[in-house]
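> here are the coordinates; sequence isn't available:
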């Protein structure tokens, strides 16, 4: 998935009100950029960080820049736009590029199910179980090479796990799909110390038959591309293994 407009480098001054970030461009201008990430962004929003932003000239948008990447200045990047995983996974599903899900000819996004919920993707095919796919963006890393989810308490995420479990109990197939938006991680684990309730719900879901996939990404200032599957790792306070 290529960025619509070439990204430009900047320096983060501060992130605030969840969706706003004051930045300094290379020409020393200070402007406000949109931050498409409602999460805590733990470890990714420190003042002085080198970032990449996407300019736009859309008159409908109040802000002329959107924050897209954190540049770790060691050849690695993190994508901070939480809308990217759904777009990347949708493209991969339509292209049948995810082997575990490639058999399904029909991909429907944002389908109502459960208790006032919407599943990211419902996959269907003649003679096949309906498959409910929930996508999560993983950007936290506190241990070298290990991505973690979540980066803050997520009641919504816990609810989704319960909904997926219910789908399996009703005879359907359910998938929790983590897309790691970091290029420096080769495995993924649940951050049980951050949200033990989510970790418990995760264990319950897996025991019930909810499938868990984790894929990495290839990220440059030109594009973000879904990569290959990665193993489920472990942390001292919880595990995925």
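Great, that's in hand. No experiment lies behind these values; they were computed from the predicted model shown.
> just so I have it, where are all the helices in the chain?
84-94, 155-169, 196-208 (DSSP state H).
> centre-most residue in this structure?
Taking CA atoms, centre = their mean, the centroid of the chain lies closest to residue 137, which sits 1.3 Å from it.
> run through the bridge partners of that residue.
residue 179 (DSSP bridges).
> so which of the helices of the chain is nearest residue 59?
helix 84-94 (23.3 Å; CB to CB). No exception for glycine: its C-beta is placed from N, CA and C like everyone else's.
> packing partners of that closest one?
strand 106-113, strand 117-124, strand 131-138, strand 173-180, strand 224-229 (3 or more CB pairs under 8 Å, 6 or more residues apart in numbering; DSSP states H and E).
> swap in 6 Å and give it another go.
When contacts are defined as 3 or more CB pairs under 6 Å, 6 or more residues apart in numbering; DSSP states H and E, helix 84-94 packs onto strand 131-138, strand 224-229.
> got a list of what the closest residue to residue 212 other than its chain neighbours touches?
Nearest non-adjacent residue to residue 212, counting by CB to CB, 6 or more residues apart in numbering: residue 176, 4.9 Å away. Listed by CB atoms under 6 Å, 6 or more residues apart in numbering, the contact set of residue 176 reads 134, 210, 212.
> how about residue 94?
residue 107.
> which ones are touching the residue nearest to the centre of the chain?
So residue 137 contacts 82, 85, 179, 181 (CB under 6 Å, 6+ apart).
> distance of it relative to residue 100?
19 Å (CB to CB, to the nearest Å).
> what's the answer for residue 24, then?
43 Å.
> ok, those two, which is more surrounded?
Using other CB atoms under 10 Å as the criterion, residue 24 and residue 100 rank with residue 24 on top: 15 against 11.
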